[in-house]
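In: sequence first, then the predicted structure, then my questions.
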Amino acid sequence: MASGYTFVIADDHPLFRGALKQALTGVADVAEILEAGDFEATKALIAGNDDVDLLLLDLSMPGASGLSGLIALRGIHAAVPMVVVSAHDDSQTIRRALELGASGFISKSASIEDIRAAVKTVLEGGIAQPPGVDLDVERDPEISDLIRKLQSLTPQQTRVLGMIAGGLLNKQIAYELGVSEATIKAHVSAVLQKLEVDSRTQAVILLGKIGSDPLQAIGA
C-alpha cells in the first residue's frame, strides 16, 4: 500500500485544478491526487476509492447542484473530509456548508498559502474556514429548520435523497445500491417523514432552498 495522502480535486476548470494541485503537493507526503471535472466523475471517484483522505469540492461543477451536491457526496462516503472550494464565499454559504457536513471552506480567491493552511487544518482533524469571516447565525428560520432535518438523516438516507434529487427512480436507486426495491421504498418513506413532506417532488423542492436545482428531478 502506498504511503502518503490521497486527494481528490473536483473542479471543472483545469487551470484552477492545477493551482489546487500545486497547493496540495506542498502540504504533506502525497501518494496520489485524483481529478474530476464534473459531478458524476466526482461521485465515481468517491464511491470507488476507500482510501481518499480529502476531497476539495467546487459547488458549481456541471451536474452539481450547489450544497445538495455536498449532501449527496456525504451520503456516498460520510467518513471522507470534504472541503468546499467556491467563489461564492459569503458568510451564509460558508456557514451552511459547514452545518451540512463540510470539514472546511476555501474561497477561490484564497492564496496558495491559505489553501495549504486550510488543508493542513482539516488533515489534523480541525474545521477550516476563511480568516476574518464572521459566520454569525442563520437568519432564515425555514433554512435553519431544513438543515436540522437534513442533519437527522442517516448516511444511507442522505445518499438516497441525493439520488432522488438526481432524478433516479426507486428501482434505479435499488440497482445502484445493490439492495431490494422494498428497502429503498422504506428509505424514501423515512426521508420524507424526516423532512416532513408528502412526496419526492416536495423533497427535491425543499433541497432547492439551500442551493440545488430542483427542476432537473421533478417529473423524473
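Out: That came in fine, so what should we check first? Keep in mind the model is a prediction, meaning the values are calculated, not measured. Numbers count the residues shown, from 1 in each chain.
In: C-alpha from now on. contacts and neighbour counts both.
Out: Will do.
In: now do the contacts for the residue sitting nearest the centre point of the chain.
Out: Per CA atoms, centre = their mean, the C-alpha nearest to the average position across the chain is that of Leu70, at 1.5 Å. Contacts for Leu70 (CA atoms under 8 Å, 6 or more residues apart in numbering) come out as 57, 59, 97, 100-102.
In: what sits closest to Lys120 if chain neighbours are left out?
Out: Using CA to CA, 6 or more residues apart in numbering and skipping residues adjacent in sequence, the residue nearest Lys120 is Val27, 6.7 Å away.
In: pretty sure the residue nearest to the centre of the chain is in a helix, no?
Out: Yes - under DSSP: H, G, I helix; E, B strand; the rest coil, Leu70 sits within a helix.
In: mind listing what the closest residue in space to Pro14 that isn't next to it in sequence touches?
Out: Nearest residue to Pro14 in three dimensions, chain neighbours excluded: Gly37, at 7.8 Å (CA to CA, 6+ apart). Contact partners of Gly37, counting by CA under 8 Å, 6+ apart, are 10-14, 61-62.
In: one step back: just the pLDDT for the residue nearest to Lys120.
Out: Per-residue confidence (pLDDT) for Val27: 81.
In: in stretch 77-88, what counts as buried?
Out: Within stretch 77-88, the residues that qualify as buried by neighbour count (16 or more other CA atoms under 10 Å) are 77-78, 80-86, 88.
In: low pLDDT regions in this protein?
Out: Within the chain, the segments meeting pLDDT under 70 span 1-2, 65, 138, 211-220.
In: go ahead and confirm Glu40 touches Met61.
Out: No - Glu40 is not in contact with Met61 according to CA atoms under 8 Å; the separation is 9.7 Å.
In: okay, those two: which has more neighbours?
Out: Between Glu40 and Met61, counted using other CA atoms under 10 Å, the more crowded position is Met61 (20 against 13).
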